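>>> Next come a sequence and a model predicted from it.
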Amino acid sequence: MSTIEIKGISKIYGDTKALSDINLTIEENKIYGLLGRNGAGKTTLLNLITNRIFPTTGRISIDGGVVLENDEALSNVFYMMEKNLYPEGLKVKEIFNWTKEFYPLFNHNYANSLAEKFELNINKKVKQLSTGYTSIFKVIIALASNAKIIILDEPVLGLDAYHREMLYKEILTNYIESPKTIIISTHLIEEISDILEEVLIIKEGKLIVKDSVENLLSSAYKISGEASRVDQYIKGLTYIGEETIGKFKSVTILDKKRNEALAKELELDFSKAELQKLFISLTN
Amino acid sequence: MLLNFESEKPIYLQLAEAIEDDILRGIFEEEQQIISTTEISVNFKINPATAGKGVNLLVDEGILYKKRGVGMFVSSGAKEKILTKRKERFYEDFIVRLLEEAEKLKIAKHEVINMIEGSNEK
């Protein structure tokens, strides 16, 4: 079991409300995407879940155990932070050993095999790693930790397309072989949208969306065609993401229902809404 | 198997149709095992729940069946089932659209018929 229960969580720094009244249940063995613009409060939330900072109000529990100073509850959680907090003078293989101290279930062989796959030299010191390889190194530790909940904050930072694809596949393989709760916080939304089961969107410290990717995407659609006809179609509807190229226009309509007959009459085409576009409009 | 992530259709539906296409083309034969949802999920980088949903759709329709602990198999008679289903949809999916497009291009119905007959001779 590995359900995270977040109840009435607020975090106030001076007169800034970083998070206000977050209520959320993160169910076990699902892959969540935590999305939000810079400074929305994503990292604050992750820091609270892992007891790195304390909430101003509210409580967070994992399987009923409150996380506050609770090493047992927290031993089930691995948090891969965006910042690198590993001692830079240590070699990769030394950090593998070190991780085993904190996460007894850490799978050393698996970590080594992943390092080999990604051509990460485990004899290198952490400070010698490029940005991309630092990401690879951190994700390998997270995947090999065997924690019930793994949190990945910007896991593909600095990675090229080839390594990103490899990494997404490794995350999925790991998830299928040993189901766990995975929370991924990222700015590369479109890329991971098919991997996610649920999406959490935070805006200015508030949780504004908690839904399945499928539901979210089916709540909107794109319509495109000749500009003046598109304008005719969207009259009275809520829409976002207007794009015009010459006389061609496309907009995303925030509604489930499509007016097929009108679209046909106006010679307009329907297409799928993009998670990225929805995200931009929801957080604007 | 081919999935088009630009398409409007939800991924799980596309996946179900892609498997059906592969059965029709003989890539997956009746009473033979198809690739696992794990392979589908990892290869196409889609959530396993999505992959499972697509596969289960075909299980519900009796096109695939599960062998516990072994995997997914194509049911006998699956090809026939898919053909019947697709034929029913053929009119809606293709003929209606064909005529709509023809109308847009101002091609008369008898011209369309001539084209079809012409293409048959080739």
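All right, it came through fine.

>>> Could you list the contact residues of the stretch 151-284 of chain A toward chain B?
A:165, A:168-169, A:172-173, A:175-176, A:194-197, A:213-214, A:217-218, A:221, A:264, A:267, A:270-272 (C-beta under 8 Å from any C-beta of the partner chain). Any C-beta I mention is one placed from the backbone N, CA and C, and that applies to glycine too.

>>> Now, of those, which are buried?
A:168-169, A:172, A:175-176, A:194-197, A:213-214, A:217, A:221, A:272 (16 or more other C-beta atoms under 10 Å in any protein chain shown).

>>> before we move on, back to that, in helices, which of the residues of the stretch 151-284 of chain A next to chain B appear?
A:Glu165, A:Tyr168, A:Lys169, A:Leu172, A:Thr173, A:Tyr175, A:Ile176, A:Val213, A:Glu214, A:Leu217, A:Ser218, A:Lys264 (DSSP state H).

>>> re earlier: so which pair among the buried ones among the residues of the stretch 151-284 of chain A next to chain B is furthest apart in space?
Taking C-beta to C-beta as the measure, those span a maximum distance of 31.0 Å, between A:Ile176 and A:Tyr221.

>>> Distance check, A:Asn51 against A:Met80.
Distance of A:Asn51 to A:Met80, computed by C-beta to C-beta, to the nearest Å: 16 Å.

>>> name the helices or strands packed onto the helix or strand containing A:Ser228?
Secondary structure from DSSP states H and E places A:Ser228 in helix A:227-234. Packing contacts for helix A:227-234, counted by 3 or more C-beta pairs under 8 Å, 6 or more residues apart in numbering or on different chains; DSSP states H and E, involve strand A:221-226, strand A:248-253.

>>> who's in contact with it?
Identification of contacts with helix A:227-234 by C-beta atoms under 8 Å, 6 or more residues apart in numbering or on different chains yields A:223-224, A:244, A:247-251, A:253, A:259, A:262-263, A:266-268.

>>> between those, which has the most around it?
Highest neighbour count within the contacts of helix A:227-234, by other C-beta atoms under 10 Å in any protein chain shown: A:Ile223, with 24 neighbours.

>>> Who does it form a beta bridge with?
Bridge pairing for A:Ile223 (DSSP bridges) gives the partners A:Val251, A:Phe270.

>>> got a list of what residue 4 touches?
Because you didn't say which chain, this covers chain A. Counting by C-beta under 8 Å, 6+ apart, A:Ile4 has contacts A:Leu24, A:Thr25, A:Ile26, A:Ile49, A:Ile60, A:Ser61, A:Ile62, A:Ile149, A:Thr181.

>>> not quite, I wanted chain B
Here B:Asn4 is in contact with B:Gln14 (C-beta under 8 Å, 6+ apart).

>>> For it, give me the pLDDT.
Listed pLDDT for B:Asn4 reads 75.

>>> go on, the one 10 residues further on?
The predicted structure scores B:Gln14 at 92 on the pLDDT scale.

>>> Work out for me the element the spatially most central residue of chain B sits within.
Closest residue to the average C-alpha location of chain B: B:Glu17 at 2.9 Å, with C-alpha atoms, centre = their mean. Using DSSP H and E, B:Glu17 sits within helix B:11-24.

>>> how many degrees apart are the very next helix or strand once past that helix and helix B:11-24 in direction?
The helix or strand immediately downstream of helix B:11-24 is helix B:37-44, counting by DSSP H and E. If you take axes from the mean of the first three to the mean of the last three C-alpha atoms, to 10 degrees, helix B:37-44 sits at 110 degrees to helix B:11-24.

>>> Who are the packing partners of helix B:37-44?
Using 3+ C-beta pairs under 8 Å, 6+ apart, the elements in contact with helix B:37-44 are helix A:161-177, helix B:48-60.

>>> Tell me which of those helices sits most buried.
helix B:48-60 (a mean of 19; mean count of other C-beta atoms under 10 Å in any protein chain shown).

>>> is that one up against chain A anywhere?
Yes: Helix B:48-60 reaches chain A (C-beta under 8 Å from any C-beta) through B:Pro48, B:Ala49, B:Thr50.

>>> nearest to A:Leu68, of these?
B:Ala49 (32.2 Å).

>>> Got the confidence number for residue 103?
Picked chain A for this. 90.

>>> wait, I meant chain B there
Looking at B:Glu103, the pLDDT reads 88.

>>> Packing partners of the host helix or strand of it?
Element membership for B:Glu103 (DSSP H and E) is helix B:96-104. Where contact means 3+ C-beta pairs under 8 Å, 6+ apart, helix B:96-104 is packed against helix B:109-121.

>>> Which neighbouring elements make contact with the helix it packs on?
Against helix B:109-121 (3+ C-beta pairs under 8 Å, 6+ apart) you get helix B:96-104.

>>> What residues sit buried inside the helix it packs on?
For helix B:96-104, using 16+ other C-beta under 10 Å, no residue counts as buried.

>>> Give me the distance between A:Ala18 and chain B.
30 Å (C-beta to the nearest C-beta, to the nearest Å).

>>> Wait, a helix at A:Pro179?
No: using DSSP: H, G, I helix; E, B strand; the rest coil, the assignment for A:Pro179 is coil, not a helix.

>>> quick one: low-confidence ranges for the stretch 151-284 of chain A?
Applying pLDDT under 70 to the stretch 151-284 of chain A flags no residue at all.

>>> how near is A:Ile176 to A:Ala142?
16 Å.

>>> domains in chain B, as residue ranges please.
B:11-76, B:79-121 (automatic domain parsing).

>>> looking at those domains, which is closest to A:Leu74?
Comparing those by C-beta to C-beta, domain B:11-76 comes nearest, at 26.6 Å.

>>> Now do the end-to-end distance for that closest one.
26 Å (C-alpha to C-alpha, to the nearest Å).

>>> partners of A:Thr57 in the sheet?
A:Ser10.

>>> Is A:Asn107 in contact with A:Ile141, as I believe?
No: at 10.5 Å, A:Asn107 does not count as touching A:Ile141 under the criterion of C-beta atoms under 8 Å.

>>> Of the two, give the one with the bigger neighbour count.
A:Ile141 (22 against 17).

>>> confidence score at the more buried one?
96.

>>> One more: the one 4 residues further on?
As predicted, A:Ser145 sits at a pLDDT of 95.
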